[in-house]
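Asks: Quick one, structure for this:
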Amino acid sequence: MQLRQLHPLRENALMLGIGYTDILDTYLSPEKYRGTDLRFISHTRREKDSTSLVHQLLHEGSIATADNRSGNGGEIGGGYSFAYSLLRKWQMPVGSCHLRLLAGGTAELSVGFLYNTRGSNNPAQARLALQLKPTVAADFDFRLFRRQQRPFTLHYEASAPLCGLMFSPNYGQSYYEIFSRGNYDHNCVPTTIASTPSLRQMLTLDFRALHTTWRIGYLGDWRQASVNNLKQHTYTHALVFGIVRRFRIEKL
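Replies: Down below sits the predicted model:
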């Protein structure tokens, strides 16, 4: 007799995001730059029925262009981040609906750059950081009508850095001094919630149309840092839209 073995349930959402961004990096300029942010997001969850743990993988790439208030200078930024989360889930019925809560921790590695078109001696800034983040999430399945076969799913997720390590030049220090002359000046900086008060949150809705599960929603990514007497922030508000695939791999 052959038994059917269920492999982990997998959910993958591929999304594009476009929105408004506000950028400040006092190493390059004391001015704030405002413009457009475009990003690609791959959000994957893996879980088994026999355990309460959920593994989550997040790949995110972004590119942004922004101008200053006078319009005579601009900045171009880009980055990539990879995050792995281990979350515990709690499931509970709410009337005819279903609620699932998740909480745990995330390790995130991010790399990137920021280039100022008006810069002379130091026109660019490198970004590199490793952060540990507490993470919470919630999924709410509901139906608008009793006879509706496929429910809508409302997702919310939020995380904030608790501690980590980031690269930063010191105030007045050039990249030539760091990499050509090897003058280290506290360039690998331990960070805490006090020096990097940031928040990333996403609210999305899944729905079925044209035999496909679609996801649409809002992404708020507010990153700040104050280290080595330098300040930087990137505030992004974006509309995200994409498709969702949910499947099990069955082995007979």
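
Asks: Now that Ile216 has come up, it's in contact with Ile243, right?
Replies: No - judged on C-beta atoms under 8 Å, Ile216 makes no contact with Ile243 at a distance of 10.5 Å. The way it works is simple: take the backbone N, C-alpha and C, and place the C-beta from them, glycine included.

Asks: Show me how far whichever helix or strand Pro30 is part of is from its chain's centre.
Replies: Secondary structure from DSSP states H and E places Pro30 in strand 29-47. Offset of strand 29-47 from its chain centre (C-alpha atoms, centre = their mean, to the nearest Å): 7 Å.

Asks: and if you look at stretch 97-116?
Replies: Its chain's C-alpha centre and that of stretch 97-116 lie 4 Å apart, by C-alpha atoms, centre = their mean.

Asks: for it, which positions count as buried?
Replies: By neighbour count on 16 or more other C-beta atoms under 10 Å, the buried set for stretch 97-116 is Leu99, Arg100, Leu102, Gly104, Thr106, Glu108, Ser110, Gly112, Leu114, Asn116.

Asks: now swap in stretch 139-147 and tell me
Replies: Quick answer for stretch 139-147 (16+ other C-beta under 10 Å): Asp139, Phe140, Asp141.

Asks: now stretch 223-238
Replies: In terms of neighbour count (16+ other C-beta under 10 Å), stretch 223-238 has its buried residues at 223-228, 230, 232-236, 238.

Asks: May I ask which two of those are separated the most?
Replies: The distance between the two most remote of the buried residues of stretch 223-238 (C-beta to C-beta) is 29.1 Å, for Asn228 and Ala238.
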